[in-house]
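1. can you look at this prediction? I've put the sequence above it.
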Amino acid sequence: MKEILVIIPAFNEAQSIGKVIAEIPDLVSEIIVVNNNSTDNTPGVATAAGATVLLEEQMGYGYACLKGINYASKRSKTPDIIVFMDGDYSDFPEDLHKVIAPILAGEADFVIGARDKVLREEGSMTPQQVFGNWLATFLMKLLFKAKFTDLGPFRAIRYEQLIALEMEDKTYGWTVEMQLKVLKKKIAYAEVPVRYKKRIGISKVSGTIKGSIFAGIKILGWIFKYSLR
């Protein structure tokens, strides 16, 4: 039986985090919610739902993910697969089966749950998200011959490959950094189409002009940084 861990960065997701945890398949060994300095009852709801809750006071998606990875590295039983997903209930947690399938089959070491347009609820992604994803994946295709179509946060990776990536981004560039390093290290990757729905609450990134701008700058910065290497 594979040791599968789910890491969920969460900032003020008290309304949604319980629903996310409840729908994660039983094959997962441990659900780790990283409370990114929430001001609501996110940690209380997550704990009551059965998750392991960590506190990361430094604000930032990457900070929260790194906290979860650090915790995983200190467990008595080394994980086989790490799955990342958001805590806003926009993903369908039961699609985790699809996301890890290529890894279990030995076909890939890294899998993106791609938010397929056909499977996406109308309005679930903002226009700036759709454009940003298109631009980033287009540039990765142009510069690195990548086959990615999405920067979706719902993703799975073999633990040893994740550690080998030596992730460092602390904020908005986390997802694209991971994909660029997968390309650089020639790690076998795949995408599987997943469903996507309107999130509960307002996005802290795409829901604000400031967040969208900073995310765009970070993502493009990582792409051009790697294009010069």
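-> Received it, and whenever you're ready, just let me know what you need.

2. what sits up against stretch 148-158?
-> 80-86, 91, 95-96, 99-100, 103, 109-115, 132-133, 136-137, 140-141, 175-176, 178-179, 189, 191, 194, 196, 219 (C-beta atoms under 8 Å, 6 or more residues apart in numbering). Where C-beta positions appear, they are placed from N, C-alpha and C, glycine not excepted.

3. what of stretch 186-194?
-> 91-92, 95, 98-99, 101-102, 107-116, 118-119, 147-150, 152, 154, 161, 179, 182-183.

4. got the buried residues for that stretch?
-> 187, 189-194 (16 or more other C-beta atoms under 10 Å).

5. ok, now stretch 151-160?
-> For stretch 151-160, the buried set under the neighbour-count rule, 16+ other C-beta under 10 Å, comprises 151-159.

6. same question, stretch 197-204
-> Within stretch 197-204, the residues scored as buried using 16+ other C-beta under 10 Å are 197, 199-201, 203.

7. what of stretch 110-126?
-> So for stretch 110-126, counting by 16+ other C-beta under 10 Å, buried means 110-116, 120, 125.

8. how about stretch 26-34?
-> Using 16+ other C-beta under 10 Å as the burial criterion, the residues of stretch 26-34 that qualify are 28-34.

9. dump those into JSON lines; add pLDDT and secondary structure as well.
-> Formatted as JSON lines, those follow (pLDDT from 0 to 100; DSSP: H, G, I helix; E, B strand; the rest coil):
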{"residue": "28", "pLDDT": "98", "secondary structure": "coil"}
{"residue": "29", "pLDDT": "98", "secondary structure": "coil"}
{"residue": "30", "pLDDT": "98", "secondary structure": "strand"}
{"residue": "31", "pLDDT": "98", "secondary structure": "strand"}
{"residue": "32", "pLDDT": "98", "secondary structure": "strand"}
{"residue": "33", "pLDDT": "98", "secondary structure": "strand"}
{"residue": "34", "pLDDT": "98", "secondary structure": "strand"}
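
10. could the residues you listed go into CSV alongside distance to residue 17?
-> Rendered in CSV, the data for these read as follows (distance: C-beta to C-beta, whole Å):
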residue, distance to residue 17
28, 15
29, 19
30, 15
31, 10
32, 12
33, 6
34, 11
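
11. okay, how far is it across stretch 169-176, tip to tip?
-> By C-alpha to C-alpha, to the nearest Å, the extent of stretch 169-176 from end to end equals 9 Å.

12. what average pLDDT does that stretch get?
-> On average, the pLDDT along stretch 169-176 is 92.

13. so how far is it off the chain centroid?
-> 10 Å (C-alpha atoms, centre = their mean, to the nearest Å).

14. contacts for it?
-> Identification of contacts with stretch 169-176 by C-beta under 8 Å, 6+ apart yields 58, 60-63, 65-66, 136, 151-153, 155, 167, 177, 205, 211, 214-215, 218-219, 221-223.
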